[in-house]
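Visitor: whatever this is, show me its structure:
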Amino acid sequence: MMHHLRPLLTSAMIALAITASPSVAAGINAGERQATEDLPFRSQAIAAFDTPWALAFLPDGRLLVTEKPGRIYLTDTKGTKTKLSGVPEVAASGQNGLLDIAVSPDYGSTRQVYLTYVAPSGEGTRLVLARARLEEGEGRAKLAGLEEIWRQSPAGGGGQPGGIIAFDPEGKHLLLTVGDRMRPESAEDPDQARGKILRLTLDGKPAPGNPEEGRGGTRAETWTTGHRNQYGLAFAPDGSLWEHEMGPRGGDEFNRIEPGVNYGWGEVSEGDNYSGKPIPRHATRPEFRAPPLFWNPVIAPAGMVFYNGPMFPSWKGSALLGGLAATALVRVTLDGKGGADEAERFQMEDRIRDVAVARDGAVWVIEDNSPGRLLRLTPKN
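Guide: Model (predicted):
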């Protein structure tokens, strides 16, 4: 997500990072680890929202915050909130509603922002990717010229929408997570977007260079397959792409994302069904990519950013994840060889929905609650 500040890399560096990663066998289970209450940061409450879902920094340091019931606020760092008009109608129920928001790579010239939401339709709800211009004047703000640039087809499904947006480091393409919508069999169907990560142009079309470029339909859009409910997607400083997704009863995953790879959901997992019925493990099906890091019991990860700021120098290059079930902020480190491990888990005493980093290096998080606080984290020392 462009609102999580990232360095720009050349396409050659990205290609090198993608192709250099080996296949990784099922890795580290960090599910039993405990959160520490000895926090290296102080927390300042800035504002409160009704079930906030995502936050995105504008170039001037202000934030856009979405609320799942269907509202967006422009918020300054002192907590002054301006409600945006022009927000589309959403189907807000359970896990569904207004989801992610991301600032376009060319925001300086277009003032465009991208957003995802679950929209109502006569055939069932659909995950939608849209974009609009952010316009301001006379103390007001609105989304203007809203256009849908991608929508889930066929419609239907339950929760588990995914809906995370990530721009590539060059700002020429976007990646979109589409959850399985509680239909696990669809994650392995190449003609359905459910359970996939899509790679699109900034106009929402299939991106050149996709694994099945030219096949048409969902196949031409698909970057990876076999996902459940991906609530985190971000590029690391070295250009590699990482994702996390919620498992069933156990088996949250942290994966390196590489084009054309199948990660196995619908067939394998590091967790089991809620009924208690076992699911085969990745080790039984080597054709599917196993996660280098997973959590069983779950942490229910949500939101992700790679830290590259000055305030927490020991965190540089680490991924910061929110934990819903864990009520924690989780720091994950990469080993540079395709592996990952949980380095620290900080007790936050509430469900953390999204994480972002400001230009000054402060970490900002939002709580999944009503009211859910917007918090600014800065070093204690």
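Visitor: what segments of the stretch 51-200 of the chain are helices?
Guide: 107-110 (DSSP state H, counting those that start in this stretch).
Visitor: low-confidence ranges in it?
Guide: Residues of the stretch 51-200 of the chain meeting the criterion pLDDT under 70: none.
Visitor: how about the strands in it?
Guide: Ranges of strands in the stretch 51-200 of the chain, per DSSP state E, counting those that start in this stretch, are 52-57, 63-67, 71-75, 81-85, 98-103, 112-119, 126-137, 140-151, 162-167, 173-178, 196-201.
Visitor: what packs against the second one?
Guide: Same thing as strand 63-67. Secondary structure elements in contact with strand 63-67, counted by 3 or more CB pairs under 8 Å, 6 or more residues apart in numbering; DSSP states H and E, are strand 41-49, strand 52-57, strand 71-75, strand 98-103. Every C-beta, even on glycine, is put in place using the N, C-alpha and C of the backbone.
Visitor: and the first one with strand 52-57, angle?
Guide: Between the axes of strand 41-49 and strand 52-57, defined by axes from the mean of the first three to the mean of the last three CA atoms, to 10 degrees, the angle is 110 degrees.
Visitor: how distant is strand 41-49 from the center of its chain?
Guide: 21 Å (CA atoms, centre = their mean, to the nearest Å).
Visitor: any buried residues in it, and which?
Guide: The neighbour-count check on strand 41-49 (16 or more other CB atoms under 10 Å) flags 41, 43, 46-49 as buried.
Visitor: returning to what we had before: show me the one of the strands of the stretch 51-200 of the chain that comes nearest residue 230.
Guide: Residue 230 lies closest to strand 173-178 among these, at 3.7 Å (CB to CB).
Visitor: pull out the CA atoms of that closest one and give them to me as PDB.
Guide: Backbone C-alpha positions of strand 173-178 (Å, rounded to 0.1, in the frame of the first residue of the first chain) are rendered in PDB as follows:
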ATOM      1  CA  HIS A 173       0.800  -1.600 -11.100                       C
ATOM      2  CA  LEU A 174      -1.400  -2.500  -8.200                       C
ATOM      3  CA  LEU A 175      -1.900  -5.800  -6.500                       C
ATOM      4  CA  LEU A 176      -5.300  -6.700  -4.900                       C
ATOM      5  CA  THR A 177      -6.100  -9.400  -2.500                       C
ATOM      6  CA  VAL A 178      -9.400 -11.200  -3.000                       C
END
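Visitor: partner strands of that strand, parallel or antiparallel?
Guide: strand 162-167 (antiparallel), strand 196-201 (antiparallel) (DSSP bridges).
Visitor: now these as a markdown table including distance to residue 122?
Guide: Output for those, formatted as a markdown table (distance: least, CB to CB, whole Å):
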| stretch | distance to residue 122 |
| --- | --- |
| strand 162-167 | 21 |
| strand 196-201 | 24 |
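Visitor: follow-up on the earlier one: would you list the buried residues of strand 41-49 in TSV and tack on pLDDT?
Guide: Below are the buried residues of strand 41-49 laid out as TSV (pLDDT from 0 to 100):
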residue	pLDDT
41	98
43	98
46	98
47	98
48	98
49	98
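Visitor: in space, what's closest to the spatially most central residue of the chain - neighbours in sequence excluded?
Guide: Residue closest to the average C-alpha location in the chain (CA atoms, centre = their mean): residue 232, at 2.7 Å. Distance criterion CB to CB, 6 or more residues apart in numbering; nearest residue to residue 232, sequence neighbours excluded, is residue 304 at 3.3 Å.
Visitor: hang on, the earlier thing: now for the helices and strands packed on strand 63-67, which one comes closest to residue 126?
Guide: strand 98-103 (12.4 Å).
Visitor: show me what the closest one is packed against.
Guide: strand 52-57, strand 63-67, strand 71-75, strand 112-119, strand 162-167.
Visitor: among these, which is the most enclosed?
Guide: strand 162-167 (a mean of 27; mean count of other CB atoms under 10 Å).
Visitor: name the surrounding residues that touch that one.
Guide: Contacting residues not belonging to strand 162-167 are listed as 1-2, 99-102, 104-105, 114-118, 127, 129, 173-179, 227, 229-235, 241 [CB atoms under 8 Å, 6 or more residues apart in numbering].
Visitor: if we can go back for a sec, put the alpha carbons of the host helix or strand of the residue nearest to the centre of the chain into PDB.
Guide: Per DSSP states H and E, residue 232 falls inside strand 230-235. In PDB, the C-alpha atoms belonging to strand 230-235 read as follows (Å, rounded to 0.1, in the frame of the first residue of the first chain):
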ATOM      1  CA  GLN A 230      -5.500 -11.900   3.000                       C
ATOM      2  CA  TYR A 231      -5.600  -8.800   5.200                       C
ATOM      3  CA  GLY A 232      -1.900  -7.800   4.700                       C
ATOM      4  CA  LEU A 233       0.200  -7.200   1.600                       C
ATOM      5  CA  ALA A 234       3.300  -5.100   1.300                       C
ATOM      6  CA  PHE A 235       6.700  -4.800  -0.500                       C
END
